[in-house]
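> Coordinates only, no sequence provided:
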């Protein structure tokens, strides 16, 4: 029979040709007895009629209804070597025959249709096709032991109740109606159908066998059509399509009157011909050829022969085979073939895909080890679909193929699944594609244990029922998975979640080694948890994609646990998904590539993620690969934790030319807990690709204990380092005191070795950023690299750096030639505390420039030796970078500082410092400086503000130190007021070069107290250098003579600098030739030419000089009388309240804020005593006194209420309070109480 199938499919012989050579003997009269149930349309059998060139019995007559022809028989049998054909009148598409008697229909010869109509044979007593039987039907064939055919309008063609109801004109989809079961109504189930022959129909047609049980040991052929085998154990309506396809099963809508047939065993025992099965004396049924014992409960399908709906014709798709029943088994060398020249067809055994759809589902399904099911695309098409399903127990041990075409086409889908127990140990699956994508092997039980077991091959002892499950879990042999993957087939294992089963996938030792080329996918999809231990997945050849999914049913629960081992996909993608937690413990995952192909992406989605104990996830380009590294994407609802030297990486290595992949983390919180934990995206070796971007977005991100992120270019790589971007609500870097060397907690993006690429940028955006305990970040150029360091940008509400060595850096180091990067900080509040800081430096023999530092903040605080700097160091030749700060307030205290310096043997210049702030306070040794101790020049310092206060040895300076040859820089300050107290200074001094210039432009006050200085002095003994110029413009310039506060522009060998002071008043200074212990203003030179001191006192004669002020401000109440004297008499009259008395020295104002009185209005003080009054009175005659009083009116003299200064400097007292309008016309602004407070309070 199998040879026949091969000839028909692949040899191209026509079906009619085959039928013509099977029998050339004269037939005997068949055992066909028509009944009289059709009334005036009886069935007639004509013997010895030539049909298709050979004698046959021809069945004519019958009742015609539309395109349907009905026949009715009391017996219907075809003997050995006999030929029986139904006549096919014109216009008839369906021929329906029923048997109303009580005997089995035995077909041992040929049954056919003399035409192209479909043939329906209905016998509730059973149908048997013997070993020599065959069909000669060009249309479709339906053989059934149903009791009736029911049509959609309720019309029934019944074999058990043939008289009712009458036949009507019908041309609609028919159905097969079965009676009630014995359990329910005491009746026996439907009888079986047995096929041991060869049942073949025409191209694209269907063969359907429906019985209480179905046994097929022979062959059934429907090239490109459908084969439907269905065992119906109970009352059921089998809905058929027009050509006999099985559509659905449902409860009947018409009453049935069943017969009482014998049992299946009795049925088989009554047969006297070879049917391929044997019944023993004890009632056991076995397959004759193999002796395999088979159960035959109602609803059982046994297939040991061939079912072929293959379609070998060019461009054609394979057909469909459906085998359904309560228990379905393929035994011995049974075969099912739905292959097609273009694409494979469908083979559904026990149910539809994943138990879905409307087809009846088997309770148990068995596929023997020697069976084959093929759904291949033979030439150009895709592989087809194979489904093996059961609700309780599936055992599949045979060979299953759904291969893509030899020329083109993808592999198909093979499913071996059960809702309960599944055993596929030893199964051979092939869904490969020679020139397309691999197909998939799907396993879909409830619980799955992956392990190592001996191949069972479906052998059972005599007491075992082959359809009875032996457990409630599926056991999948790992070597079988490995074998199918190496054969080029994707493997998918999926679990559900029903009953007591949770839907887990577990393995204590999970090892897979891929040794063949090509790309395949291993998918483990659990309704609940996945737990794999001692994992060793390795793609030595080709690419292995890995998919792990917990919570495949979207129930909201499911964890993934991967422990101890490694996963290397050879460049394949990795996808891990869980509704709950994903945990990696001592496990590495990498999807590296060493070819022109890109490395696989790694995607993780979970409720939470934990990597601990040296767990890593990497996707790199290696060797000579030209592909890019894969992206690593982590999306987590809650927390991501890296612990114990665990992390992520995506780099370019070796001589690879591809780019590193992007690493993206999105979570609520991210924690890097231990040393070595972190993320890296680097370019290494001789690679030319760029490093990938690292992006973290979370509410909270924490780096502890030497953890961090790095994107570096190393070796001789030419690519650029990757970017680092962190967006968080709270960002913490805390070393916790674990660092002992260069290793620190933080972020880094460097160029190293002989690399030529630029380091990547670092961008941080957060509400709050804290660096603590030796943590920090840096973008540097090192070694002999030529690339530039990356930029650092931080945008935050609050930024805190505290503890020793905590800070940022962007440096050029070693022999590098690239520039350091720019550091930009924008925040509401920035705090540097405890020796923390940031810097951009040039070091070693580097030639690049240091980067800029730009800070924009609401408030900026430096405490306890913290600060920022941009320096040139070592033998470097690059320049220090510029520092720009813009803030509302800036406070430096505790020896903190802002500086740009040149040090060591460096030849570069110090950088520029530019500060813009409303309030600037430097306290306790704090400084803003730009210095040089090399041949480079100190940098320029520019400060714009309102109030600037320096206290307790604070300083603003750009000096050159001993042995340096560079020039000091300039200092330019624009402010409302500057206060220097307690040995504070503003200086631009040099040891050997020229002193820098200092320019102070103030709106109000310059105050120097307690040894404070403003200096541009230059040179030392035997060292040249000119003093720098000092230019000060202020409302008032004030010191206290005894406090030794100086303004100096001195030199040793060179020229003294020039000092230019422009103010309304200058108080508390001497002008000696050399410095004294008093407050001095000097521009002298020890050996050279003294500088010039120019004082511009607006509206005052400079020749008056300056006077010393007392340290205690005069109390005005002691200087002004409460009222004028009343003892001046003229004649006999005494004036009351007429005089105004001023006390004090001539020219000295009563208050330090009062202007110096012009010399032209100063008179000697006199005292009016009584004698002078009397003498004056005696010199006036009474007549003169009377005449004077008569000629001029009496004017009352009152106390002065205000004063103005005239254009010539004359002070004019007024009897009315001075108004702003009056002062607007005055040449000088009035001193205010606020000015006085600044002096007395030291601010």
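Arrived safely. It should be emphasised that the depicted structure is a prediction, and the values quoted were computed from it without experimental measurement.

> For residue 698, see how far away the nearest residue to residue 197 once chain neighbours are set aside is.
Residue nearest to residue 197 in three dimensions, not counting chain neighbours: residue 133, with 3.2 Å by C-beta to C-beta, 6 or more residues apart in numbering. Every C-beta, even on glycine, is put in place using the N, C-alpha and C of the backbone. Distance check for residue 133 against residue 698: by C-beta to C-beta, to the nearest Å, it reads 74 Å.

> From residue 679, how far out is the nearest residue to residue 710 once chain neighbours are set aside?
In space, residue 710 comes closest to residue 748 once its chain neighbours are excluded; the distance is 4.5 Å by C-beta to C-beta, 6+ apart. According to C-beta to C-beta, residue 748 stands 11 Å off from residue 679.

> shared neighbours, the two?
Between them, residue 748 and residue 679 have 709-710 as joint contacts when contacts are counted by C-beta atoms under 8 Å, 6 or more residues apart in numbering.

> Give the ranges of residues in the stretch 401-550 of the chain that sit below the confidence cut-off.
Scanning the stretch 401-550 of the chain for pLDDT under 70 picks out the ranges 454-473, 497-501.

> Going by residue numbers, what spans are strands in it?
Chain-ordered strands for the stretch 401-550 of the chain, with DSSP state E, counting those that start in this stretch as the definition, fall at 413-416, 421-423, 428-430, 440-443, 448-451, 474-477, 490-494, 505-507, 510-514, 519-526, 530-539, 543-550.

> How about the stretch 751-900 of the chain?
762-772, 775-778, 792-802, 807-809, 823-833, 837-839, 853-863, 867-869, 883-892, 897-899.

> okay, now the domains of this structure?
Using automatic domain parsing, the domain ranges for the chain come out as 500-714, 723-866, 912-1105, 1116-1237.

> Let's test this: mean pLDDT of the third one, rounded?
What domain 912-1105 shows for mean pLDDT is 86.

> if we can go back for a sec, wait, which of the strands of the stretch 751-900 of the chain is closest to residue 70?
Comparing these by their distance to residue 70 (C-beta to C-beta), the top pick is strand 762-772, with 82.8 Å.

> relative to strand 823-833, how tilted is that closest one?
Angle of strand 762-772 versus strand 823-833, following axes from the mean of the first three to the mean of the last three C-alpha atoms, to 10 degrees, is 10 degrees.

> so can I have TSV of the strands of the stretch 751-900 of the chain showing distance to residue 217 and mean neighbour count?
Formatted as TSV, the strands of the stretch 751-900 of the chain follow (distance: least, C-beta to C-beta, whole Å; neighbours: other C-beta atoms under 10 Å):
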stretch	distance to residue 217	mean neighbour count
strand 762-772	74	21
strand 775-778	78	27
strand 792-802	79	21
strand 807-809	83	25
strand 823-833	84	21
strand 837-839	87	25
strand 853-863	88	21
strand 867-869	91	26
strand 883-892	93	21
strand 897-899	97	25
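
> on that earlier part again, and the residue nearest to residue 710, how far is that from residue 762?
On the measure of C-beta to C-beta, residue 748 and residue 762 end up 8 Å apart.

> quick one: least confident helix or strand in this structure?
Each helix and strand of the chain was given a mean pLDDT (mean pLDDT, DSSP states H and E); the minimum falls on helix 182-185 at a mean of 22.

> Quick check: what element follows that one along the chain?
Using DSSP states H and E, the helix or strand that directly follows helix 182-185 along the chain is strand 193-195.

> doesn't residue 688 make contact with residue 659?
No. Taking contacts as C-beta atoms under 8 Å, residue 659 lies outside contact range of residue 688: 9.3 Å.

> Dump the strands of the stretch 401-550 of the chain into a markdown table; add mean neighbour count and distance to residue 65 as well.
Written out in a markdown table, the entries for the strands of the stretch 401-550 of the chain read as follows (neighbours: other C-beta atoms under 10 Å; distance: least, C-beta to C-beta, whole Å):
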| stretch | mean neighbour count | distance to residue 65 |
| --- | --- | --- |
| strand 413-416 | 28 | 42 |
| strand 421-423 | 26 | 48 |
| strand 428-430 | 24 | 49 |
| strand 440-443 | 27 | 46 |
| strand 448-451 | 20 | 54 |
| strand 474-477 | 23 | 51 |
| strand 490-494 | 24 | 49 |
| strand 505-507 | 23 | 57 |
| strand 510-514 | 20 | 62 |
| strand 519-526 | 24 | 52 |
| strand 530-539 | 20 | 60 |
| strand 543-550 | 23 | 56 |
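
> Tell me which of the ones you listed approaches residue 612 most closely.
Proximity to residue 612, assessed across the strands of the stretch 401-550 of the chain by C-beta to C-beta, is greatest for strand 530-539 (15.0 Å).

> what packs against the closest one?
Applying 3 or more C-beta pairs under 8 Å, 6 or more residues apart in numbering; DSSP states H and E, one finds that strand 530-539 makes contact with strand 505-507, strand 510-514, strand 543-550, strand 560-568.

> pLDDT averaged over the longest one - what is it?
Looking back up the chat, that one is strand 560-568. When pLDDT is averaged over strand 560-568, the result is 96.

> who touches it?
By C-beta under 8 Å, 6+ apart, the residues outside strand 560-568 that reach it are 510, 529-539, 546, 548, 550, 574, 576-578, 581-590, 592, 606.

> Averaged pLDDT, stretch 613-629. What do you get?
Within the predicted structure, the mean pLDDT of stretch 613-629 is 84.

> Going by neighbour count, list what's buried in it.
When neighbours are counted by 16 or more other C-beta atoms under 10 Å, the buried residues of stretch 613-629 are found to be 614-622, 625-629.

> ok, now stretch 65-84?
By neighbour count, with 16+ other C-beta under 10 Å as the criterion, the buried positions of stretch 65-84 are 65, 68-84.

> Could you list which of those belong to strands?
Judged by DSSP state E, strands contain the following of the buried residues of stretch 65-84: 65, 68-76, 83-84.

> All the helices of the stretch 251-400 of the chain, residue numbers only.
Along the stretch 251-400 of the chain, the stretches classed as helices by DSSP state H, counting those that start in this stretch are 264-269.

> Could you work out the most separated pair of the ones in strands among the buried residues of stretch 65-84?
It's 65 and 83 that sit farthest apart of those, by C-beta to C-beta, at 27.3 Å.

> and the closest residue to residue 870 other than its chain neighbours, how many residues sit next to it?
Of all residues not flanking residue 870 in the chain, residue 881 sits nearest, at 3.9 Å (C-beta to C-beta, 6+ apart). Using other C-beta atoms under 10 Å, residue 881 has 31 other residues around it.

> Residue 881 touches residue 872, doesn't it?
No. Here residue 881 does not reach residue 872: they are 9.5 Å apart, not a contact under C-beta under 8 Å.

> between those two, what contacts are shared?
Listed contacts common to residue 881 and residue 872 are residue 850; contacts here mean C-beta under 8 Å, 6+ apart.

> quick one on the thing from earlier: go through the strands of the stretch 401-550 of the chain and name the closest to residue 386.
In terms of C-beta to C-beta, the element of those nearest to residue 386 is strand 413-416, at 4.5 Å.
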